[in-house]
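K.L.:
coordinates only, sequence not included:
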C-alpha cells in the first residue's frame, strides 16, 4: 500500500508511490493530460494524469473534479525542476484518485475580488496561497517568540483578560458585566507581570489584548496579540539589549524556517537579513532634531504619530531604538531619568520600510512615593491600584519590560500592507463575521 | 568581580564567588551565624553569614534584613548536602550584602492564613514556594503542549475571542458591546478551527476561554485556558491515538523537567509515571454498566456529572477514554455513528485520582444535510452559521479534534485540590481582584 505523506516531506519520497490527502487548488486541462494542483495544508504539488496510463474512471475523475473538491491522490513522486507548487521541484504521476467530496462552484475564482467580498468569505479565503503563507509565517513568529523567551530564562505566565480597572483611558475599553460588577477586557498584562517578576524573576505573558478604538487604519485591529516580557533587576540598557537579541532571533528564525512562504509573498528580504544586534540607539531629543530637519515637524514634548515613527524608522536599515521620551507622553508607571524628571526611561523600537513602532517599553518606577504621586496626578482610582503599590513596599527592585505587537511584527516580516491579513479572523471596525 | 548567576545554575559554580540578586525568603538567627534563605525566581538557596568572616556592616545588614526585602548577595558556593532550598545541595558563604529595599512588615507570615486573606493578597502570595512551584509546572505544561503540537505537524492558529454567536447556551456567555452590535467572549475556538484545517491540514488554537457560570466549585473558573487541536482527514480512532500520545508527552515531560517543583508540592508521581500509550478505551454503554454496578447510578442517555467521571476515571490507573456518548448529550456538530444515530462519535478522556474529565472531543459531522438539520433542531440562528455550513459545501472531509483544559491538567499533574492555584490571577465567582 502506498504510504500517506505530507507534501512538505515529498523530497524524501522520490521514485516511490505515495498517497496525499487534500484539496484541488487548480486544474489545467490539456486534453489527454490533466494537471491537478493539489494542496494538503503543508504545501502544493502538481499531479499529472495521463489518459494512456490510468483506468478510464480515474481519468474521468480528473476531468470532472472541481476547484476545492476534497480528494485523495496516489501516485509516484518524480523530480521535475519546472514543476509548480511548494516546495517546488517535484510532481506526482497520478495512478489513482478518490474524490471525497465534489465541491459546488467555488465562489473565490483565481481572479481579483474586492476586499469586502473576500472578508465576508474569510473562512474560504484562508485557503489561498497568499493567506496560507502569511499565517504560516504567523505561527513561526509565535514559535520563535516563545522559543527565545523559554530559552533565556523567561517564565510564561498568563495574566488575566477580565480586569477590574483600566491601565489607560476607559473610552477605549470593551466592558462586560461580571456578575453585577463592571469588568474590562485587558489592554496589557504588564501591571500583573510586575507582580509575577517578584516571584519568578523574568516572565512573559502572551495573549489577546483589546482596544475599542474607532480607528479604521491599516495598522489597527480591535483584538490583537501581544507578548510582554518583564524583568526584575533590569534597567533601561538591559531592556534594549534584550529587545535587540529577541527581535533579531524572531526575524532570522522566520527567514530561515519560512523561506518558501516569504517567496510566495514575493518579500524582498534584503533589509530583514540585516536585522542583527546591535541596533542603533538615539534619544527622543535627537529624533526631534532629525524630524524637524527632514521636514516632518514636531515640537519637543509631543508624542510621535505614525508619520514621525516612519520618518525616523526609515532613516536606518536596522530597527532603531528611540529612548527617553518626555514623561508626559508615556504611561504613569515609567521611571524618571534622575536629574531630568521631564524625560522618562522609556524606549520604543521603530522598524524600517514604513512599518514604524513594533515595541514599546522601558524601565518602571521602583519608588513608592513617585508611583503614589503619579496615580494621583493621572486621576487613577487609588483603591484599584493598592496591590500595585504593594509591589513597591515589599522588596521593590529596578525592573523593566516591553510589549511587542505580534500582528505588526508579522506585517513587517511579510512586507504586507494591511494588518487584517495577519490573523485568521480579524476583528475590525464594522467587521465581526465570520 | 563576582559573576551574576541564577540559583538554578548554582551547581556549575561550586568553589567560586558569585552574586545573586533576589529577595529574602526566610531567616534564622543563631547569634554569630545568620542563615538567610534567598530566592531569585529560579530557586532558593541558603546563605550563611558568619560574624567573624565579614565586616561589621555586612553582619548588621544580615541581622536587620526583613522578610521579602530585595537584596544582592555575594559569596562562595559550597556543596552541602544538608542545605535547604532548591535545587538542594549547595549553600552560599556570604561575603557581602547589598540591601536594595528593606521591606515593611510582610503580611504573609510563614503560618496558616485563610483562603480569602491569601486571595486578597494574590500578588504577594505568588511568592510562596508552593505557588511558585505550581506556576512553574504550569509554564512547563504549556511549553510541552506547544512543543508536541509544533513537532507533530499542527499549525498554531489564533481563533477570535470576540464572537458574534454562541456555540452553546447564551446564559453562560459574557457579553460586550461591539460598536452597537452584541459580541460574546469565546467559549471555544473549534468552529473556527474547522475552517482553518481546510487550509492548513492540522491546527491548534490555544487561548483564554470564558464561561459565565454561577458555579463555585473547586473545578470552575470564569476565565481559563484551553488548547484545541483539530485535524482534517482524521476519524475518531485517530483522534484517540493523537490524544494519548499528546497527554503522555505532556505528563512525562513535566515529570522530567519539573521534578524539583513536584517535590516541593509533595506530589506522589507513581500513577503519573504510568501515563504512557495506549490508554484503555471503553464505550459509554460499558461505562453506564460499570457505574450502575458500582453504586453510582445513571440512566442510559444521561450525561456524566462529576461523580460519574470520577468513579469511571478512578477504576483505571491510566487515563481512560469513554467513547460514543448519546447524541443528545453532545454538541450539535458531532458526527453520528452510522447505523446507530442515537450515539455520536464523541470521546472524553477521564483522569484517575479523582480528577475526572480533562479532554472532550470527537469526530465532527462532514455532512451538509445532517449539520443543517442539527442547526434547526438546536434552534441555532442559521445566518450566524452560514460560513460554518460552507465548510461542508466546498471539499468537506472527515475531521476530528478535541479540547484540553489547561488548568484541570495542571491540577491533576500537581495533585492539588482547587483550581484557583493553577493560574496567577484567577477569576472566580465574586473574585476579580487583584
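P.N.:
Yep, that arrived. Treat the numbers as computed from the prediction; the structure is a model and nothing was measured.
K.L.:
separation between the closest residue to residue A:392 other than its chain neighbours and residue A:231?
P.N.:
Once flanking residues are discounted, residue A:392 sits nearest to residue A:368: 3.9 Å by CB to CB, 6 or more residues apart in numbering or on different chains. Using the backbone N, CA and C atoms, a C-beta is placed for each residue, glycine as well. Separation of residue A:368 from residue A:231 (CB to CB, to the nearest Å): 20 Å.
K.L.:
settle it for me: which of these two has more neighbours?
P.N.:
Taking other CB atoms under 10 Å in any protein chain shown, residue A:368 and residue A:231 do not tie; residue A:231 has more neighbours (25 against 16).
K.L.:
the more buried one in helix, strand or coil?
P.N.:
Secondary structure, DSSP: H, G, I helix; E, B strand; the rest coil: residue A:231 is strand.
K.L.:
how about it, what does it touch?
P.N.:
Residues in contact with residue A:231 (CB atoms under 8 Å, 6 or more residues apart in numbering or on different chains) are A:154, A:197, A:201-202, A:238-239, A:242, A:399-401.
K.L.:
need the max-distance pair from those residues.
P.N.:
Pairwise distances across these peak at 14.8 Å for A:201 and A:239 (criterion: CB to CB).
K.L.:
all helices for the stretch 151-300 of chain A, in order.
P.N.:
For the stretch 151-300 of chain A, the helices defined by DSSP state H, counting those that start in this stretch cover A:190-200, A:236-257, A:259-264, A:270-273, A:284-293.
K.L.:
make CSV out of the ones you listed and add distance to residue B:364 and mean neighbour count.
P.N.:
Listed next are the helices of the stretch 151-300 of chain A as CSV, based on distance: least, CB to CB, whole Å; neighbours: other CB atoms under 10 Å in any protein chain shown:
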stretch, distance to residue B:364, mean neighbour count
helix A:190-200, 36, 25
helix A:236-257, 30, 20
helix A:259-264, 28, 17
helix A:270-273, 39, 14
helix A:284-293, 53, 17
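K.L.:
among the ones you listed, which comes closest to chain B?
P.N.:
Proximity of those to chain B was assessed by CB to the nearest CB; the nearest stretch is helix A:190-200, lying at 4.0 Å.
K.L.:
list phi and psi for the residue nearest to residue A:253 when sequence neighbours are not counted.
P.N.:
What sits nearest to residue A:253 in space, not counting adjacent residues and going by CB to CB, 6+ apart, is residue A:144, at 4.1 Å. Dihedral angles of residue A:144 (phi, psi; degrees, to the nearest 10) stand at phi -60, psi -40.
K.L.:
can you report how many residues lie near the closest residue to residue A:421 other than its chain neighbours?
P.N.:
Ranked by CB to CB, 6+ apart and with sequence neighbours excluded, the top spatial neighbour of residue A:421 is residue A:134, at 5.4 Å. Residues lying near residue A:134 (other CB under 10 Å) number 24.
K.L.:
residue A:425 now?
P.N.:
Neighbours around residue A:425, by other CB under 10 Å: 25.
K.L.:
which ones are touching it?
P.N.:
Counted by CB under 8 Å, 6+ apart, residue A:425 has contacts A:122, A:434, B:159-160, B:192.
K.L.:
dump the residues you listed to TSV, plus pLDDT and distance to residue A:116.
P.N.:
Listed next are the contacts of residue A:425 as TSV, based on pLDDT from 0 to 100; distance: CB to CB, whole Å:
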residue	pLDDT	distance to residue A:116
A:122	98	11
A:434	93	13
B:159	98	22
B:160	98	18
B:192	98	20
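K.L.:
ok, which pair from the residues you listed is furthest apart?
P.N.:
The distance between the two most remote of those (CB to CB) is 12.0 Å, for A:122 and B:159.
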